[in-house]
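>>> structure for this input, please:
(one chain, ligands or ions: 1)
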Amino acid sequence: MKIGFGWDSHAFKPGVPLKIGGVAFDHPAGLAGHSDGDVLLHAITDALLGAVAVGDIGSFFPPGDPRWKDADSAVFLQTALEEVHNAGYRIANIDTTLVLAEPKIGPVAEKLRERVAELLKIDPGCVGIKAKTPEGLNQDDVAVAHAVVLLVKLEDSDNLERMAAVAEQETHMEDVVRKLVRQASPKPARKPAFNTDDIT
Ligand code: MG
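Numbers count the residues shown, from 1 in each chain. Got it, this is the predicted structure:
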């Protein structure tokens, strides 16, 4: 197994579209950045790249590169996912925490979870989305995201699936044998309800 951690922050800027976790928000301010400023996807991207120790989001997508101006951060995430697969790993689960004053994440947390799971091609049950307000930090104009990811080696997960398939097959075989034995063995003779000889 491997663990990865990612962190990112972006400042709010009025009049910019807001996108968090690949979901567009109707909000008067968005997150400023060279790309679409998706703080959550950036933190997850870094966690994935960090887990397989291949660098960080900046080394793959330099902020000065005009190709990434206003880029959809889902592209960064896909690259990180490919790096994970190329290293021979798959995601077991991820967990995240957003720290921001506004907008409230609670009402859309489920939507974020489903979108992030879809982008990572994993079950929504393997994606944690949590949010806190920056109490006492004096950073209401900033959005912060933390992400941790756990990876498992593809070989190991393949072996586990193979073992589960064998176990299932064995159970099936046992059922078949039990059925055959039942069919082959003579049924116990039924005793008549009463002895007709006695009546006559
Ligand atoms: Mg960023």
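>>> look through the chain and state the residue closest to the ion.
residue 42 (3.6 Å; Cβ to the ion). C-betas here are computed from N, CA, C, even on glycine.
>>> quick one: that residue from residue 92, how far?
21 Å (Cβ to Cβ, to the nearest Å).
>>> tell me where the protein has strands.
Remark: strands assigned in the chain by DSSP state E are 2-14, 18-20, 23-25, 29-31, 89-99, 127-132, 142-153.
>>> quick one: residues contacting residue 104.
Taking Cβ atoms under 8 Å, 6 or more residues apart in numbering, we find residue 104 in contact with residue 131.
>>> now do 10 Å
Contacts for residue 104 (Cβ atoms under 10 Å, 6 or more residues apart in numbering) come out as 131, 133.
>>> go on, residue 146?
With Cβ under 10 Å, 6+ apart, residue 146 has these contacts: 5-8, 40, 43-44, 47, 95-99, 130, 132.
>>> show me where pLDDT drops low in this protein?
The chain contains residues with pLDDT under 70 at 186-200.
>>> so which residues of it form helices?
Ranges of helices in the chain, per DSSP state H, are 39-51, 57-60, 74-86, 109-120, 154-184, 196-199.
>>> who does the nearest residue in space to residue 33 that is not next to it in sequence bridge with?
Computed as Cβ to Cβ, 6 or more residues apart in numbering, the closest residue to residue 33 that is not its neighbour in sequence is residue 10, at 5.2 Å. Under DSSP bridges, the beta-bridge partners of residue 10 are residue 143.
>>> pretty sure residue 10 contacts residue 31?
Yes. In this structure, residue 10 is within contact of residue 31 by Cβ atoms under 10 Å, at 3.8 Å.
>>> tell me which of those two has more neighbours.
Regarding residue 10 and residue 31, a neighbour count based on other Cβ atoms under 10 Å identifies residue 31 as having more, with 27 against 23.
>>> contact residues of this protein facing the ion?
Selection of the chain residues close to the ion by Cβ under 5 Å from the ion yields 8, 42.
>>> give me the domain ranges for the chain.
2-154, 155-185 (automatic domain parsing).
>>> next, the buried residues of the shortest one.
In this case it means domain 155-185. By 16 or more other Cβ atoms under 10 Å, domain 155-185 has no buried positions at all.
>>> from residue 63, how far out is residue 10?
Applying Cβ to Cβ, the value for residue 10 to residue 63 is 12 Å.
>>> overlap in contacts of those two?
In contact with both residue 10 and residue 63: 33, 35, using Cβ under 10 Å, 6+ apart.
>>> so which bits of stretch 88-100 are buried?
For stretch 88-100, burial by neighbour count (16+ other Cβ under 10 Å) applies to 89, 90, 91, 93, 94, 96, 97, 98, 99, 100.
>>> contacting residues for the nearest residue to residue 47 once chain neighbours are set aside?
Spatial nearest neighbour of residue 47, excluding adjacent residues (Cβ to Cβ, 6+ apart): residue 6 at 3.4 Å. Listed by Cβ under 10 Å, 6+ apart, the contact partners of residue 6 are 40-51, 56-57, 80, 94, 96, 145-149.
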